[in-house]
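K.L.:
Following is a predicted model, sequence given first.
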2 protein chains.
Amino acid sequence: MTEARIYDAQKIKNLTRLIFTANGIPEADAETIAEGLILSDLRGVYSHGVVRVPMYCERLRHNLVNRMPKPTLKKTSIASLLMDGDNGMGFVVGKQAMAEAINLANDTGVALVGVKNSGHFGMSAFYLLQALIADMISFVYTNSSPAMPVWGGRSKFLGASPFAAAAPGGEYGPFVLDMACTVTARGKLKYAAQRGETIAPGLALDSEGKPTTDGNKAFHGVILPFGGVKGSSLAMLMEILSGVFTGAAFAGDVRNPHTDLTGPQNVGHFFMAIKPDLFMSLDDYKKRMDILFSRSKSCDKAEGFEEICIPGEIEARTEANRRENGIPFTPDVIRGLEKEANLVNVSPDLD
Amino acid sequence: MTEARIYDAQKIKNLTRLIFTANGIPEADAETIAEGLILSDLRGVYSHGVVRVPMYCERLRHNLVNRMPKPTLKKTSIASLLMDGDNGMGFVVGKQAMAEAINLANDTGVALVGVKNSGHFGMSAFYLLQALIADMISFVYTNSSPAMPVWGGRSKFLGASPFAAAAPGGEYGPFVLDMACTVTARGKLKYAAQRGETIAPGLALDSEGKPTTDGNKAFHGVILPFGGVKGSSLAMLMEILSGVFTGAAFAGDVRNPHTDLTGPQNVGHFFMAIKPDLFMSLDDYKKRMDILFSRSKSCDKAEGFEEICIPGEIEARTEANRRENGIPFTPDVIRGLEKEANLVNVSPDLD
């Protein structure tokens, strides 16, 4: 393996944006997509960063995604909206849906936007952070293509379907939780597979249902849920709320964005925004968050821990550092970007 | 250990109700409490059933719970209400709060009721089932007394704080998920401790931070989260939404209902109801739930599984069976009930 090199986040983002505009995506939407992807890399979530650019572009080349979608919105109750994503890029549809949830919650206190006919929307935390900027508590759920067996099963059925939620904080920063219901992220297996790396035991079964530590075999097998039946049940809840409930594809019908080029994905999402000051002033709420985090961080440490971190704290620190100092990328990721750039006659300027 | 004997659910419930009325709880409220407790035993969730009657009664004897609370409701936005439970029994406050969430959601589509100044409310599924009878999707969150370390800590700080959610179903029945964020329920450790039983390895640390399989040592030590940092993060989210957000006690301040008789608990809850037919007809929604469950159940089985069950399915089957054939209770549980009955001059009639 060759070593990672440091790249400027802004330059990688610009190249990503140019690749998408050259693929026919409108300027503002390409900006949104690039923003979502680079944010993942900035936060250390490589699995959902620019490593995925070739996958998204491949789907665009096959005309499986609508480059200029016109998502429609329908008010379905006082506190809910249904968005039909018109098969647009998941980032574009998702960002608009979260913006609508935030707007409506400003009126109603709590608001839900269900989304159907969307695509893979990247890292869920992208939308959590959007809600945090508006000082909103949020839930972001999505379904995804089969990656994990149902509890008791051995074939892929449920998605890795992340559970994501965030709550604004005070001086200690916000609570940001974005976790796959799998014991590891599918993107991380993909990453290990691409690099021929091994994975820890207990994470996945191979395609014949046997435990494996081979990244490639795991990527083509099934990932196990985190926490056994509990993680599996949470994944089914994500499928119900994002897929069954919204009218999107579900129960195994969401197409794999990497391997299934036979049609659109029809991914479903569930965005909820809640005002944090429904029951007290925003200031009091934030002070209470600080008390929770301050007390959490001063708990006696378990063996092997030098610091207690709040969910999202490490990612926020990584982001701040990488915005300042750049992002380390391995050559394969950069080659993937350069290849996509060449295909659409964009000149990479990364140095 | 002596063997369990089968008891009639209705008789155990009646005795439970009489014990609470004799302790000064109004008739209708005692009925609610008995209903919540017996439902746990009917569903096989012994940890939250009548085994807890002595604990609740002890708190009543110490006047730590308001026997005749007057919960107040405040509309805090179009889709939210804040309930002050007036330190009533958690079952009574919780049932009323869920009823308010359902009523409001019938108007607004989505509704949230935050609750403060409540007490231990038993099994979360009690409220999920209440919402299911009204054909509502629901989330039921609560915080609880310290039972588990924060991730990286070794002292009790976060509660076992269950994550609970349910969604109506069709012919296959509903999805009902009620899971502690601990790798096992604290009530189950209590149960093992009371009976001098051992527990599986990997579930808990003793009071000195060492792994233990001794039920009693585990009950006096710390339970570990399920799924490592993921379960721990979910527990912190429950604390934020139920405690920080609502104005209840939080960050370690909820009193242990068993061991801390110095004051009220001030538990916080978060009840959300969502109409399942916001985005399609109820009939279409239920048909889609049936497709999800039918496909789930017909997946190829993993080794060791003869059947794939939907979350809540085993509990529903147990409930149907026990309503018909009675509930097996061990003598210690019955003795606990009889002792409480004798203290308030109620004659047990269990045969």
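P.N.:
Everything's here; your move. Residues are numbered from 1 along each chain as shown, chains lettered A, B, ... in the order given.
K.L.:
Show me what residue of the stretch 151-300 of chain A gets nearest to chain B.
P.N.:
residue A:227 (3.0 Å; C-beta to the nearest C-beta). To be clear about C-beta, it is placed using only N, CA and C from the backbone, and glycine gets the same treatment.
K.L.:
quick one: the residue nearest to the spatial centre of chain A from chain B, how far?
P.N.:
Central residue of chain A (C-alpha atoms, centre = their mean): residue A:123, 1.7 Å from the mean position. Applying C-beta to the nearest C-beta, to the nearest Å, the value for residue A:123 to chain B is 16 Å.
K.L.:
Next up, the contacts around that residue.
P.N.:
Contacts for residue A:123 (C-beta atoms under 8 Å, 6 or more residues apart in numbering or on different chains) come out as A:36, A:39, A:40, A:43, A:45, A:48, A:49, A:178.
K.L.:
Repeat that for residue A:88.
P.N.:
Neighbours of residue A:88 in contact, by C-beta under 8 Å, 6+ apart: A:29, A:65, A:66, A:69, A:71, A:118, A:119.
K.L.:
I'd like to know how far it sits from residue A:170.
P.N.:
Distance, residue A:88 to residue A:170, using C-beta to C-beta, to the nearest Å: 36 Å.
K.L.:
circling back to that earlier point, what about the residue of the stretch 151-300 of chain A closest to chain B, neighbour count?
P.N.:
Using other C-beta atoms under 10 Å in any protein chain shown, the number of residues around residue A:227 comes to 22.
K.L.:
cool, residue A:351 as well?
P.N.:
7.
K.L.:
sec struct for it, please.
P.N.:
coil (DSSP: H, G, I helix; E, B strand; the rest coil).
K.L.:
which residues touch it?
P.N.:
Going by C-beta under 8 Å, 6+ apart, residue A:351 touches no other residue.
K.L.:
Quick one, grab the pLDDT at it.
P.N.:
Residue A:351 is assigned 81 on the pLDDT scale.
K.L.:
closest to residue B:17 among the contacts of residue A:88?
P.N.:
If you rank the contacts of residue A:88 by distance to residue B:17 using C-beta to C-beta, residue A:118 comes first, at 50.4 Å.
K.L.:
list the contacts for the residue nearest to residue A:197 when sequence neighbours are not counted?
P.N.:
With C-beta to C-beta, 6 or more residues apart in numbering or on different chains as the criterion, residue A:197 has its nearest non-adjacent residue at 4.9 Å, and that residue is residue A:215. When contacts are counted by C-beta under 8 Å, 6+ apart, residue A:215 touches A:189, A:191, A:192, A:193, A:195, A:196, A:197, A:198, A:199.
K.L.:
quick one, what contacts the fourth one?
P.N.:
Taking C-beta under 8 Å, 6+ apart as the criterion, residue A:193 is in contact with A:215, A:216, A:218, A:219, A:220.
K.L.:
do the same with the third one
P.N.:
Residues counted as contacts of residue A:192 (C-beta under 8 Å, 6+ apart) are A:198, A:199, A:215, A:216, A:218, A:219.
K.L.:
hmm, try it at 6 Å
P.N.:
Listed by C-beta atoms under 6 Å, 6 or more residues apart in numbering or on different chains, the contact set of residue A:192 reads A:199, A:215.
K.L.:
and it, what pLDDT?
P.N.:
pLDDT, read off for residue A:192, is 88.
K.L.:
A strand includes it, no?
P.N.:
No: in this structure, residue A:192 is helix, not part of a strand, as judged by three-state DSSP.
K.L.:
what about it, distance to residue B:347?
P.N.:
Residue A:192 sits 67 Å away from residue B:347, going by C-beta to C-beta.
K.L.:
now swap in the first one and tell me
P.N.:
In this structure, residue A:189 lies at 63 Å from residue B:347, with C-beta to C-beta as the measure.
K.L.:
higher neighbour count, the two?
P.N.:
Each of residue A:189 and residue B:347 has its neighbours counted (other C-beta under 10 Å); residue A:189 has more, 26 against 9.
K.L.:
Done for today, thanks.
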